[in-house]
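Asker: No sequence on hand, only this structure:
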């Protein structure tokens, strides 16, 4: 399975997250914007499509910061900066998920209500010394 996840930031250091409804293990937790790639879709094209589907906004300037490979999946992690996302705070998307603009200084305090690896992924996106990281999981 090929998947993408993206974190869009404002210039004032907020990150846009979704309060998920599905799948069950993500219900009521915050996560980045993303999903599964379609057949023959590039990770960048998938990120642009998923962001538009889940937020209604077209953000085309994404930078890949991580490829996480495991035996059953590849996850491509992207970041972008867009002040347009300010208008999305507390807006529900087409499937009823709530978009939340979270100040970066609060991210580490939300561990119980967000997907467990988000603080690490968000901080990785903010590290300007990384061009692109590649991680491989054996299990």
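Answerer: Here it is on my side, so go on. The structure presented is a predicted model; accordingly, all values stated were derived computationally and were not measured.

Asker: how about the helices in this protein?
Answerer: Defined through DSSP state H, the helices belonging to the chain, from first to last, are 43-55, 118-126.

Asker: weakest of the ones you listed in terms of mean pLDDT?
Answerer: When those are ranked by mean pLDDT, helix 118-126 comes last with a mean of 91.

Asker: Identify each buried residue in that helix, please.
Answerer: Buried residues in helix 118-126, counting neighbours by 16 or more other CB atoms under 10 Å, are found at 118, 121-122, 124-125. (C-beta placed from N, C-alpha, C; glycine too.)

Asker: name the helices or strands packed onto it?
Answerer: Helices and strands touching helix 118-126, as assessed by 3 or more CB pairs under 8 Å, 6 or more residues apart in numbering; DSSP states H and E, comprise strand 2-9, strand 63-70, strand 73-81.

Asker: Show me the shaky parts of the protein.
Answerer: In the predicted model, the chain carries pLDDT under 70 at residues 138-139.
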